[in-house]
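[1] Provide a 3D model corresponding to the input given below.
(chains A, B and C)
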Amino acid sequence: MGACQSFREMCDREKNTNVRLSLPAVCIVWQTAMIILFGVFIRLSLLPFLSFFLLLFCTALLSNHIFLLGFQDVHVMIFVGFGFLMTFLKRYSFGGVGFNFLIAAFGLQWALLMQGWFHWLGPDGKIRIGVENLINADFCVAGCLIAYGALLGKVSPVQLMVLTLFGITLFAVEEFIILSVIHARDAGGSMVIHTFGGYYGLSISWMLYRPNLHQSSRLQGSVYHSDVFAMIGTLFLWMFWPSFNSAICDHGDGQHRAAINTYLCLASTVLTTVAISSLFQKHGKLDMVHIQNSTLAGGVAAGTAAEFMLMPYGCLIVGFCCGIISTLGYIFLTPFMEKRLKIQDTCGIHNLHAMPGVVGGIVGAITAASASVEVYGHKGLENTFDFKGKFEDMVPTRQGGHQAAGLCVALCFGIGGGIIVGAILRLPIWGDPADDNCFDDETYWEVPEEEESIPTILQYNNHVQNKDIAESNFTMESESRARS
Amino acid sequence: MGACQSFREMCDREKNTNVRLSLPAVCIVWQTAMIILFGVFIRLSLLPFLSFFLLLFCTALLSNHIFLLGFQDVHVMIFVGFGFLMTFLKRYSFGGVGFNFLIAAFGLQWALLMQGWFHWLGPDGKIRIGVENLINADFCVAGCLIAYGALLGKVSPVQLMVLTLFGITLFAVEEFIILSVIHARDAGGSMVIHTFGGYYGLSISWMLYRPNLHQSSRLQGSVYHSDVFAMIGTLFLWMFWPSFNSAICDHGDGQHRAAINTYLCLASTVLTTVAISSLFQKHGKLDMVHIQNSTLAGGVAAGTAAEFMLMPYGCLIVGFCCGIISTLGYIFLTPFMEKRLKIQDTCGIHNLHAMPGVVGGIVGAITAASASVEVYGHKGLENTFDFKGKFEDMVPTRQGGHQAAGLCVALCFGIGGGIIVGAILRLPIWGDPADDNCFDDETYWEVPEEEESIPTILQYNNHVQNKDIAESNFTMESESRARS
Amino acid sequence: MGACQSFREMCDREKNTNVRLSLPAVCIVWQTAMIILFGVFIRLSLLPFLSFFLLLFCTALLSNHIFLLGFQDVHVMIFVGFGFLMTFLKRYSFGGVGFNFLIAAFGLQWALLMQGWFHWLGPDGKIRIGVENLINADFCVAGCLIAYGALLGKVSPVQLMVLTLFGITLFAVEEFIILSVIHARDAGGSMVIHTFGGYYGLSISWMLYRPNLHQSSRLQGSVYHSDVFAMIGTLFLWMFWPSFNSAICDHGDGQHRAAINTYLCLASTVLTTVAISSLFQKHGKLDMVHIQNSTLAGGVAAGTAAEFMLMPYGCLIVGFCCGIISTLGYIFLTPFMEKRLKIQDTCGIHNLHAMPGVVGGIVGAITAASASVEVYGHKGLENTFDFKGKFEDMVPTRQGGHQAAGLCVALCFGIGGGIIVGAILRLPIWGDPADDNCFDDETYWEVPEEEESIPTILQYNNHVQNKDIAESNFTMESESRARS
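    So this is what the prediction gives:
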């Protein structure tokens, strides 16, 4: 009890947000570690070099390019999509897009190593990376960026680096257990990415609960243009989500199906989001927060089942429900969680990622359990669910159970990992901002001073044709002095 | 006469912009209808599954991916391109990008059904959709988004949903007549998309003429940052227009030609737009409206003829003329149309889509009529103009006539359809804004309050190092009270 | 002496920024010249039309598409990447993104001709252009856009057109000498594009030195939202840089390697940029200028060596160093250059392009010189360094020397060309702005007037439910009159 008390006291010391030593130290040391580990473990994969068999060569070659291009879509989602989605706060746009950039750049390197050790370690102890690894690393980073959404504006960049280090590690272990040990299928990562990332972030947010966060409430909203910036993120995420869910599918049939299923899910979500947003507001006005976030919930929920035989109308139904659930979550659940459960969720990731992720996992389990040879064909069943090797005698119903088990593992890793990492991040050494100082770029960024007089001067210039600016400045100053 | 009078009176009742019941009702009901119709009609197309013929399989597979990627370019144009192009108004950015998103998400689903019934209905009464259908649905939606440009800021989201429902329906019929019955070629949709969409929007705008729109004139302009947002839309449209015009060409030769022709057209348009914009302004200053819109006119005009043997210098000439016509349109025609013809065209779609679309149709007719075996080759002529089956004995000169007929059909459908839909939209049940309330997001959106004092507080914080904010707030308030 | 004096006096006459005649004249005349030259020289390349050999046809066809898609990535970098990176100034966003658009659209056409004459002139005196030419034209334009970065806000659009005309010409000659005569390899253009473009711009800036530029210092900074706009540019450049460096590599192995190497370089740069930016600021705050620019330095430095066997850890080391060098350049070198060397570098292109470009050239020379048959294989060495035809008996060590010679040529062309073009641009006929009028869109653009009262009115409306706006306006005006 005493120890817990003193830990709490230690954690609640006065905050010092100066990260001048810690941030450079963390960046330099970890990047150096990356260089050393890459030197020991990472090599480039070589493409088959069959110049004699011209056609085979050409197709191998093209297939590689294709990967590269699907990869670019996912890459755009990670950096522009997630980055700009987090610019909605009136004074935390730099932090939103800038720290997103930092986390992603570090996370990618660490993910290449972690996933490499689990999945691609060759017999010579080297990991041979190709474009497929880069896509998987992007997926891995997405989990941490989702977690950042819950903490936006309340943590320091050093904390984010720590969150990423542990998040990627947990992700790689969890992914290995779900995909390889349990043999669940999760092409778009409803469970592996969204459920894990969502609950990981929410648990950390719960551990870092700030009872006096209302002291920063003046900054916890958007302004007109920051909402438009966030729409850039929303649209790039929305457009490229079909590529995200289909990027690592079995090529051909499965990939085709995953892309179109996701596309239909997303289209349906937009309409119900608009409906619910309008229905629950005075005068039927739409709320930009719902349009920016809930319209994407369909993509999250389509993650697991996207490559299965979810019929087109099935996709529309999933999207229909997700738009409703997610928007209602923003209206009722987020305030409830903040007041009662002491979970402060800046971006509402519970409504955008965690809840739809669980929905996606359940839909995936049901769809898998109800798969039949009549619908998929023998070959199709084998390809879709990868009933090969050790799992040759698997049947769809059992696969459904494995899917459900995968969802539980993702939940456990998210919540458990989040509590542990949250405890680490409560230590008073990370330079996080004080409660009255959250959601404010001033803390970690050199913010340009707003010169209020500029627009006035410009208008003035308009009339006097750019003459005597110094004089006009002087006049204005004396005028304002005269007034007061 | 009396009936007409009373209709007019009924239409001009006091406006009630509360869409709290109508918007959710329309969204939920139509989305439910989509689910049912998709359940009855839509199935996924299956890819050929030729695992024995490895190479054939590979190429089929790749070809599918390729489609998927060309599709992403068009998708970016629809959502980011059109969406952000419409954010230029100082207080209608939410409506520009948000309603664009809503229309497109609904329109895509309805277009899949409508186009499916006309073109892809299988013998079993099912429509099997693949990526090609998604591209065509995007094209279909583009027509409605163009029409929205003329009405931007003057209509309610419910009206937009109605406009889209009828617009997609008209588009599908018109497209079927032009491409299948008349057998005109229109790869980039100069006629089918731009001429139709442009005149559809302009006719509706004429029907919804607001004599007292000047009451909203304080909001009918841009601010500095909203113009920069619009440039995002312009650039994404400009860059991906070659993909738009070549997306559904005959693969290979035609697609290659369409992309490069469009590219050259667009490059040339930029220079003449800048020239005319500077020439007709006092002091030679450039107008952002022209740069945002007229630079794209070349892509519209290249739509029909893009896949034909328009020589590279021919493309430059088309672009050269379009830049001039479109910019002059903004300077002289738009004000004239508003004053004399009672057509209020917010985005100037007459200059960007309607006029260049007609130019494109005419260029297409001329180029088709002057095609010869010497230039195209026998095989090339057959492939480019699809002289197959029923049209085996077609000759280029007659094809030119068919092209001209296609243009007329597009014009008739646009103007006729627009007048009918405009009459429907004049009914006083759609929640459209009053004349003094147009171009204002306040009507349909929860707009964040601008806290004017924030920047000042921030600067202050800068000095006092984030202490005593409550106190400083108090001081400032008392200060301002003291002043007044 | 007297002549020089009188030249200087002539150049320093009072400025007239009216470009109403010169800008349209330049645009129209040059565009007309392009049409004529395209008519004489440019034809579309025909794709092989082997409908009998189905598979060969398919792959040729696909390969063309692939090019088209890699091309789109580079295109996005040129128009959105470079364009938005230059929007960071508080009142020069129109000029940044708008003139970037103008230069690029003109430059592309001129580059197609210039590069065509050097590399693709057929025996019939025609240049047959395909997508590969378009990518090369984009590269060519990049050099001029880099140069624009140094001059941002200080030159007129007419000067930019002249800069582009000469820049493209010099680029084509320089590229021909480096790649074809000297036989240096430079896939991503560290030397050809970045070193040349950087020093070309810096030399021009030196020739156009403005001793009284501090008179515009009030506008030589960013505001909050302009910095977020610039991040759009940064992220699109960062994401697509792997495509840029690999776009014209030998297909297959080399391209794959170039993309992944660049990717790793860039990831590493982000971390060291953050570290140095934080370390050298008071309170460890990050500077947005560094995040926007220095994070890209790794991509520049990876340009030459990207397709060589730079091991993954080697890439991380190159990125590590470049992040440090570039950020330190912004902190120490840019102020020094402005004060002592009289080079005013608005965007800091010396730190982002020139210096990392030279580093890239040196890294390329060392990597080439140390290439061995053991690492590359016999075939690999021949493919990577193109030891064919005239250069069949080349050895890696000599290739290293050729690389170094290439770097010197790029430097000479950049500095020499820049001084000559700078002298031409000093003539007082180009309509450049006066020293107290730089970095201001007012000079060349119709800038929308900021209506300061709008947000207040909007808030007011919020309460009175959109009634009686005219009245409220009147009240406010009388109120403010009463106050004063």
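
[2] What count of nearby residues applies to the closest residue to A:G254 other than its chain neighbours?
    With sequence-adjacent residues excluded and distances taken as C-beta to C-beta, 6 or more residues apart in numbering or on different chains, A:G254 is closest to A:E307, at 4.3 Å. Glycine gets a C-beta too; all of them are placed from N, C-alpha and C. For A:E307, the count of nearby residues is 31 (other C-beta atoms under 10 Å in any protein chain shown).

[3] Dump the strand or helix carrying A:L102 to CSV, keeping only the CA atoms.
    Using DSSP states H and E, A:L102 maps to helix A:93-115. Extracted C-alpha coordinates of helix A:93-115, given in CSV (Å, rounded to 0.1, in the frame of the first residue of the first chain):
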residue,chain,number,x,y,z
SER,A,93,-1.8,19.6,-35.9
PHE,A,94,2.0,19.7,-35.8
GLY,A,95,2.0,17.0,-33.1
GLY,A,96,-0.6,14.9,-34.9
VAL,A,97,1.1,14.7,-38.3
GLY,A,98,4.7,15.1,-37.0
PHE,A,99,4.8,12.5,-34.3
ASN,A,100,2.8,10.2,-36.5
PHE,A,101,5.7,10.6,-39.0
LEU,A,102,8.3,9.9,-36.3
ILE,A,103,6.6,6.9,-34.8
ALA,A,104,6.0,5.4,-38.2
ALA,A,105,9.6,5.9,-39.4
PHE,A,106,11.0,4.2,-36.3
GLY,A,107,8.3,1.6,-36.1
LEU,A,108,8.9,0.4,-39.7
GLN,A,109,12.5,-0.4,-38.9
TRP,A,110,11.8,-2.2,-35.7
ALA,A,111,8.9,-4.1,-37.3
LEU,A,112,11.1,-5.3,-40.1
LEU,A,113,13.3,-6.9,-37.4
MET,A,114,10.6,-8.2,-35.1
GLN,A,115,8.5,-9.7,-37.9
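
[4] got the contact list for the following helix or strand past it?
    Past helix A:93-115, further along toward the C-terminus, the next helix or strand under DSSP H and E is strand A:127-129. Contact with strand A:127-129 is made by A:41-46, A:112-113, A:116-117, A:120-122, A:133, C:260, C:312, as judged by C-beta atoms under 8 Å, 6 or more residues apart in numbering or on different chains.

[5] and if we set it to 6 Å?
    A:41-43, A:45, A:112, A:116, A:120-122 (C-beta atoms under 6 Å, 6 or more residues apart in numbering or on different chains).

[6] Would you mind trimming those to those in range of chain C?
    A:I42 (C-beta under 6 Å from any C-beta of the partner chain).

[7] just the contacts of strand A:127-129 now: which is nearest chain C?
    Ranked by distance to chain C (C-beta to the nearest C-beta), the contacts of strand A:127-129 are led by A:I42 at 4.4 Å.

[8] is the helix holding A:L102 anywhere near chain B?
    No: Helix A:93-115 lies apart from chain B when judged by C-beta under 6 Å from any C-beta; the minimum separation is 12.5 Å.

[9] Can you list the buried residues in that helix?
    Residues of helix A:93-115 classed as buried by neighbour count (16 or more other C-beta atoms under 10 Å in any protein chain shown): A:93-115.

[10] likewise stretch A:421-435?
    A:421-422, A:425-426, A:430-434.

[11] Over to stretch A:351-360?
    Neighbour-count burial for stretch A:351-360, counted by 16+ other C-beta under 10 Å, picks out A:351-360.

[12] can you pull the alpha-carbon coordinates of it into CSV?
    The C-alpha trace of stretch A:351-360 is given here as CSV (Å, rounded to 0.1, in the frame of the first residue of the first chain):
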residue,chain,number,x,y,z
ASN,A,351,-15.5,3.8,-31.9
LEU,A,352,-13.3,3.7,-35.0
HIS,A,353,-11.0,0.8,-34.4
ALA,A,354,-11.6,-1.2,-31.2
MET,A,355,-15.4,-1.8,-31.5
PRO,A,356,-15.5,-2.3,-35.3
GLY,A,357,-12.4,-4.5,-34.9
VAL,A,358,-14.2,-6.8,-32.5
VAL,A,359,-17.3,-6.8,-34.8
GLY,A,360,-15.0,-7.7,-37.7
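
[13] any residues touching that stretch, and which ones?
    Stretch A:351-360 is contacted by residues A:146, A:190, A:194-195, A:198-199, A:293, A:297, A:300-301, A:303-304, A:322, A:326, A:329-330 when judged by C-beta under 6 Å, 6+ apart.

[14] ok, back up a step: only whichever of the contacts of strand A:127-129 are buried, select them in PyMOL.
    The PyMOL command for the buried members of these (criterion: 16+ other C-beta under 10 Å) is given here:
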select buried, chain A and resi 41+42+45+112+116+120
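
[15] mind putting the contacts of strand A:127-129 in a markdown table, pLDDT included?
    Below are the contacts of strand A:127-129 laid out as a markdown table (pLDDT from 0 to 100):
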| residue | pLDDT |
| --- | --- |
| A:F41 | 87 |
| A:I42 | 83 |
| A:R43 | 83 |
| A:S45 | 76 |
| A:L112 | 92 |
| A:G116 | 91 |
| A:W120 | 83 |
| A:L121 | 85 |
| A:G122 | 83 |
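
[16] quick check, nearest of the contacts of strand A:127-129 to chain B?
    The closest of those, once distances to chain B are taken by C-beta to the nearest C-beta, is A:S45, at 19.3 Å.

[17] and that closest one, what does it touch?
    So A:S45 contacts A:128, A:130 (C-beta under 6 Å, 6+ apart).
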